[in-house]
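> Structure for this input, please:
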Amino acid sequence: MFQPSLKAASILALMAASGCASYDRPDNLGLVAEGRDYQAQWREPEVSRANAQFLRSPAINAQSCRAPLGGGDGKGSGLAAASLRGERLTRGDLLDIRVEQDETFNGSYEVSRDGTIRLPFLDAIPAQGRTVDEIEDRLAAALIAEEFYGDRPRISVRVLDLAPVSVGVSGAVFEPHRIEVGALGADQRDGVRISAMGASTEARNLSAALRAAGGVRPDADISAIELRRGGQLYKLDMRGVFEGENVVDVMLVTGDEIRVPSRQDGPFDLVLLDFNMPQMAGLSGLERLLARPEQPRVALISGEARREVAEKALAMGACGFIPKTLTARRLVNAVRFMAMGEVYAPLEFMSGPETRELHPLAEKLSRREQQVAKGLTEGKSNKEIARDLDLQEPTIKLHVKTLYRKIGASNRTQAALIAREVGLA
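So this is what the prediction gives:
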């Protein structure tokens, strides 16, 4: 099915209330009041040879939405799991630790990349996802175990600064991707607060991550938002945020994975995947999508990909390849054809001669630099590119540095995006 652009979808979300949205419903749509209305653009129509039309709004809106996974009457539930409550530490957080009458252990400590705190003469103390009270208890136990103290000393652990966190957000949000939340610029820092003991922020909360992902879609089921942390899966009911109630909100740590479920019934009939979409990393994005448990039917769409890419996509299991040069009528027919279970690729594209002028920016690059750029678009590391080209890794590093200068890129992601734009993917 087709999905509107982010801007158009945002407008639709404001103008046409969805029965699957949990915020206050308007009175001008009868079925909404009964919880049976739905925004048609976010519903996947059933497509068959006998019934291949799209966006059958009246029929779709008459269907009932799936019941909220959180159950109840739409009000937010009580508290989050005990293991999620309070301020939770993550790597990069800065702590002030003081042990009674002992200068050996007193000082400022940063939570290491492995999520631990390392004090002199003690084993590493796990800190990732834990509260300062838990750190105090673990530190006291370590000091007694190592016979620095016979009885528990008085210990103070205070947060001096909270680091930003990197989390993944997927599901029924407008912009699913890995995001960083909680970062503060120098102009946002208060001098008095910097010098004061302690730190606090709302910018690392779950709600902040949902906003950073473009917000939830109209079909989002916020009664059972999934948070995966350290191998554990938690489900949080955030419906109260639309009811003006005290909503469950938790502090995130680096590595958290968030998924917002949808109240749609069943899988997508067809997914159109743009080859040049950010974070696609060449055909690896297609590979990841095809490997999903629901086994979606996926077609690749591109305005710049060559026949070689189309052939690889079809060999991997894509149900079609659509050049963006297709007319609107042919595009609609192609989508209908693939949605009915067929495989589509335009004959003239797959069998005709490839005539493609080289982009002026690509002409500046040597053949080897073009090969390296292609490796970057596929998300490969320097070591992998070196292995593919039978070169040494330091040689690839030099090529990458030269490539950055020639195309005006400052990092690998930017270089890969530019390389795709100039047709080097």
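> Tell me the secondary structure at L272.
strand (DSSP: H, G, I helix; E, B strand; the rest coil).
> what's the helix or strand for the closest residue in space to it that isn't next to it in sequence?
Distances taken as C-beta to C-beta, 6 or more residues apart in numbering place I301 nearest to L272, at 5.1 Å, with adjacent residues excluded. The C-beta positions use only the backbone N, C-alpha and C, and glycine is treated the same way. Following DSSP states H and E, one finds I301 within strand 298-302.
> And V167, how far from S410?
24 Å (C-beta to C-beta, to the nearest Å).
> Surely the residue nearest to L272 and F275 touch.
Yes - counting by C-beta atoms under 8 Å, F275 is a contact partner of I301 at 7.0 Å.
> need the contact list for the residue lying closest to Q392 once chain neighbours are set aside.
In space, not counting the residues next to it along the chain, Q392 is nearest to A386; the distance is 6.1 Å by C-beta to C-beta, 6+ apart. Residues near A386 by C-beta atoms under 8 Å, 6 or more residues apart in numbering: 392-393, 395-396.
> quick check, nearest of those residues to D221?
Distance to D221, by C-beta to C-beta, is smallest for I396 among those, at 45.8 Å.
> Stretch 108-115: end-to-end distance?
16 Å (C-alpha to C-alpha, to the nearest Å).
> contact partners of that stretch?
89-97, 117-119, 124, 126-129, 160, 163.
> please redo it, this time with the cut-off set to 10 Å
Contacts with stretch 108-115, where a contact means C-beta atoms under 10 Å, 6 or more residues apart in numbering, come from 89-97, 116-119, 124-130, 135, 157, 160-161, 163, 230, 253-255.
> now the spatially most central residue of the chain, which residues is it bridged with?
Note on the chain: the residue nearest the mean C-alpha position is H177, at 2.1 Å, using C-alpha atoms, centre = their mean. Beta-bridge partners of H177, counted by DSSP bridges, are V169.
> Quick check: it touching G214?
Yes - when contacts are counted by C-beta atoms under 10 Å, H177 is listed as touching G214 (9.2 Å).
> my guess is D269 contacts V298, does it?
No - shown here, D269 and V298 do not form a contact pair, counting by C-beta under 10 Å, at 11.2 Å.
> more crowded one of the two?
Set D269 next to V298 and count neighbours by other C-beta atoms under 10 Å: V298 wins out with 23 against 19.
> that older thread, who touches both of H177 and G214?
V169.
> Need the residues touching each of D269 and V298.
Here D269 and V298 have M338 as joint contacts, going by C-beta under 10 Å, 6+ apart.
> now the strand or helix carrying R329 against strand 298-302, angle please.
R329 is part of helix 328-339 when elements are defined by DSSP H and E. If you take axes from the mean of the first three to the mean of the last three C-alpha atoms, to 10 degrees, helix 328-339 sits at 160 degrees to strand 298-302.
> Alpha carbons only: can I get helix 328-339 in PDB?
Taking Å, rounded to 0.1, in the frame of the first residue of the first chain, the C-alpha atoms of helix 328-339 are listed here in PDB:
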ATOM      1  CA  ALA A 328       2.000   7.000 -12.700                       C
ATOM      2  CA  ARG A 329      -0.300   4.600 -14.500                       C
ATOM      3  CA  ARG A 330       2.400   2.000 -14.900                       C
ATOM      4  CA  LEU A 331       3.500   2.400 -11.300                       C
ATOM      5  CA  VAL A 332       0.000   1.700 -10.000                       C
ATOM      6  CA  ASN A 333      -0.400  -1.300 -12.300                       C
ATOM      7  CA  ALA A 334       3.000  -2.600 -11.200                       C
ATOM      8  CA  VAL A 335       2.000  -2.300  -7.500                       C
ATOM      9  CA  ARG A 336      -1.200  -4.100  -8.200                       C
ATOM     10  CA  PHE A 337       0.600  -6.800 -10.100                       C
ATOM     11  CA  MET A 338       3.100  -7.400  -7.200                       C
ATOM     12  CA  ALA A 339       0.400  -7.300  -4.500                       C
END
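> Can you list the buried residues in it?
331, 334-339 (16 or more other C-beta atoms under 10 Å).
> Let me see the mean pLDDT of the helix or strand just after it.
Later in the chain than helix 328-339, the nearest helix or strand by DSSP H and E is helix 347-351. Averaging pLDDT along helix 347-351 gives 76.
> ditto for stretch 129-147
So the average pLDDT for stretch 129-147 ends up being 92.
> Quick one: distance of it to the chain centre.
Its chain's C-alpha centre and that of stretch 129-147 lie 34 Å apart, by C-alpha atoms, centre = their mean, to the nearest Å.
> Check stretch 371-388 too.
For stretch 371-388, the distance to the chain centre is 24 Å (C-alpha atoms, centre = their mean).
> Low-confidence ranges, the stretch 201-350 of the chain, go.
Low-confidence segments of the stretch 201-350 of the chain (pLDDT under 70): 241-248, 265-268, 277-282, 293-294, 304-305.
> what are the ranges of the strands in the stretch 201-350 of the chain?
For the stretch 201-350 of the chain, strands defined by DSSP state E, counting those that start in this stretch occupy the ranges 225-229, 232-236, 257-260, 271-274, 298-302, 320-323.
> could you dump those to JSON lines with distance to S207?
Formatted as JSON lines, the strands of the stretch 201-350 of the chain follow (distance: least, C-beta to C-beta, whole Å):
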{"stretch": "strand 225-229", "distance to S207": "10"}
{"stretch": "strand 232-236", "distance to S207": "10"}
{"stretch": "strand 257-260", "distance to S207": "11"}
{"stretch": "strand 271-274", "distance to S207": "28"}
{"stretch": "strand 298-302", "distance to S207": "32"}
{"stretch": "strand 320-323", "distance to S207": "37"}
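> do you know which of these lies nearest E287?
Here strand 298-302 is closest among the strands of the stretch 201-350 of the chain (C-beta to C-beta), at 10.0 Å.
> which SSE is the closest residue to N276 other than its chain neighbours in?
Leaving aside its chain neighbours, N276 sits nearest to R420 (5.1 Å; criterion: C-beta to C-beta, 6+ apart). Element membership for R420, per DSSP H and E: helix 412-421.
> How far away from the center of its chain is that helix?
20 Å.
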